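S.K.: I would like to see how this sequence folds:
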Amino acid sequence: MERVQVLFENGQNTFYCGQYVNGHVSLQLDVPTRLRAITLRVSGTAECKWEEWIHKRSPQKQLRRASLQQNQHPPHEMKVFKSNELYFEYKIALLPASPNDPLLEAGEHKYPFHFNLPHNIPSSFEGHFGYVRYMACCKVDKPCARDHESKTLFTIICPLDLNRFPHLSIQADASDVKKFWGLFRRSKPTTVILRLPESGIVPGQLINPNIDIENNSDVRINQVKLSLVMNSVFTAMGVKKMDKKVILESHLGAVEPKQSRTWFRGIFIQVPAVPPSGLSNCTLIDVSYKLKLVAEPERPHLNINVSLPLTVGTIPFQSHFGSFNAANNGIIPPVGWNNPEPSAPSDSMPEPPESTDASYYSSMPPPSYEESVASGEYLEIHASQAFSPRYPVYSSLPLPPEFIQDNIPVTIKE
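M.R.: Numbers count the residues shown, from 1 in each chain. Reported below is the predicted structural model:
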């Protein structure tokens, strides 16, 4: 009996694209064993797959009309939509094959390996209808016996620097005005406004939205909900499929008729570990986020919805560097961070904007790396194979007391 493990020098199995990776394969043998070869295969792939019932087109229209006249449902068939992408594949011979199969003594045997990750690969992602996955598979080839395989999944992060998109640091707002129908007349307008100081964020950052609701109507707003929503779009065989997931949701309370409420410093939403927006370098999966505000009036009136798009990055705005704590996690930071390790090649780092100097990232605190809260279980994954990628999460400093205030309802004068 033998045990095979693929172990990376990086204990959390998390790397940046373009980074130099090293580790070793540990082979534990209980008895002396002859081996033919040991091979390590490292690959990065993406896959989208789902099934849908579609109308089955009959070549004979008369038969189709006849079936409809007999009140029968038109024929259907199950169609599978599936597409794949291969980003890279390395094969490393840890124990090259030889004419005479070597005899290995009982005990632990270590086989070191190293490789460079490509620069143009997407971040890891696990969704309900697809994934971007990076795997190291070690195969132990034994003569006259069944081969043994060990698979290890690891996380890749493609940096998304918010400083490259200055427009995301500008205040954004959205609003809607609705008049509810009453008995033979329409009520006075109800106005909902959502503002954000900026639309670019990083995991761990606190979002402080500004919400104004002016309810001039006679209809009570039963509940005001604020949520962070992730939209994933999967593409297979030219067909797109969307999956929406609510990451966070906060209930803010009610707004009585003829009253207005303002939430300014009383609410904060902290973004958890989620994949970066866009999923750069992947053509099969796209990820986007939005902050959604819903005002739910009394029935039968329809909800008032406003939303603002958000961009989730991996490197925060320079103006926020001082608002985060440093996290010591042992993961090699990308280029541009303070004290880069020699094992991280200098060309694997994102370059700073042209308007800055070489010390642009010198004060940026390293993040921690936490498992994604947005990973969906892929259709063909068994429970024992479930994997959650790790994403950078910045530790926000505690807020001063003056930033935490309760809002007070204000009655609107006629």
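
S.K.: Count residues in the vicinity of Gly238, would you?
M.R.: 7 (other CB atoms under 10 Å). (Each C-beta comes from the backbone N, C-alpha and C, glycine too.)

S.K.: my bad, Ile247
M.R.: Counted with other CB under 10 Å, residues neighbouring Ile247 total 17.

S.K.: OK, contacts around it?
M.R.: Ser227, Leu228, Val229, Met230, Val271, Pro272, Val274, Tyr289, Val373, Ala374 (CB atoms under 8 Å, 6 or more residues apart in numbering).

S.K.: switch to 10 Å and redo it
M.R.: Neighbour list for Ile247: 227-230, 269, 271-274, 289, 312, 373-374 [criterion: CB atoms under 10 Å, 6 or more residues apart in numbering].

S.K.: Please tabulate those in CSV, including the columns pLDDT, distance to Val177 and neighbour count.
M.R.: Below are these laid out as CSV (pLDDT from 0 to 100; distance: CB to CB, whole Å; neighbours: other CB atoms under 10 Å):
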residue, pLDDT, distance to Val177, neighbour count
Ser227, 92, 21, 17
Leu228, 93, 24, 24
Val229, 94, 23, 17
Met230, 95, 28, 23
Ile269, 84, 25, 19
Val271, 90, 29, 22
Pro272, 92, 33, 17
Ala273, 93, 37, 22
Val274, 94, 32, 23
Tyr289, 95, 25, 23
Val312, 95, 30, 24
Val373, 87, 35, 16
Ala374, 78, 33, 22
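
S.K.: now, the most widely separated pair of the residues you listed?
M.R.: Farthest apart among the contacts of Ile247 by CB to CB are Ser227 and Ala273. That separation is 17.3 Å.

S.K.: so Trp53 touches Val80, yeah?
M.R.: No. Counting by CB atoms under 10 Å, Trp53 sits too far from Val80 to count as a contact (11.4 Å).

S.K.: Name the residues contacting each of these two.
M.R.: Joint contacts of Trp53 and Val80 (CB under 10 Å, 6+ apart) do not exist.

S.K.: Stretch 206-215: how far from the chain's middle?
M.R.: Averaged C-alpha coordinates place stretch 206-215 at 26 Å from its chain's average position (CA atoms, centre = their mean, to the nearest Å).

S.K.: now swap in stretch 214-226 and tell me
M.R.: Mean C-alpha position of stretch 214-226 versus that of the full chain (CA atoms, centre = their mean) differs by 33 Å.

S.K.: send the alpha carbons of that stretch over as CSV?
M.R.: Extracted as CSV, the C-alpha positions of stretch 214-226 are listed here (Å, rounded to 0.1, in the frame of the first residue of the first chain):
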residue,chain,number,x,y,z
GLU,A,214,-39.0,59.9,0.5
ASN,A,215,-42.4,58.4,0.8
ASN,A,216,-45.0,61.0,-0.2
SER,A,217,-47.7,58.4,-0.8
ASP,A,218,-50.3,56.9,1.5
VAL,A,219,-48.7,53.4,1.0
ARG,A,220,-46.4,51.9,3.7
ILE,A,221,-43.0,50.6,2.6
ASN,A,222,-43.0,47.4,4.6
GLN,A,223,-39.3,46.6,4.1
VAL,A,224,-36.2,48.1,2.6
LYS,A,225,-33.6,45.5,1.5
LEU,A,226,-30.0,46.1,0.5
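
S.K.: Just the buried positions in that stretch, please.
M.R.: By 16 or more other CB atoms under 10 Å, the buried positions in stretch 214-226 come out as Glu214, Asn215, Asn216, Ser217, Val219, Arg220, Ile221, Val224, Lys225, Leu226.

S.K.: Can you give the distance from stretch 250-267 to the centre of its chain?
M.R.: The answer for stretch 250-267 is 30 Å, by CA atoms, centre = their mean.

S.K.: tell me how far the ends of it are from each other?
M.R.: Using CA to CA, to the nearest Å, the end-to-end distance of stretch 250-267 comes out at 9 Å.

S.K.: Next, the buried residues of stretch 253-272.
M.R.: Ala254, Val255, Pro257, Gln259, Ser260, Arg261, Thr262, Trp263, Ile267, Ile269, Val271, Pro272.

S.K.: So which of those are in strands?
M.R.: Ala254, Val255, Gln259, Ser260, Arg261, Thr262, Trp263, Ile269 (DSSP state E).

S.K.: Closest to Ser123 out of those?
M.R.: Ile269 (22.3 Å).

S.K.: who's in contact with that closest one?
M.R.: 201, 205-209, 226-228, 247-250, 291.

S.K.: What segments of this protein are helices?
M.R.: Ranges of helices in the chain, per DSSP state H, are 61-69.

S.K.: and Glu108, how many neighbours does it have?
M.R.: Neighbour tally, Glu108, other CB under 10 Å: 10.

S.K.: ok, now how distant is it from Asp30?
M.R.: As judged by CB to CB, to the nearest Å, Glu108 and Asp30 stand 11 Å apart.
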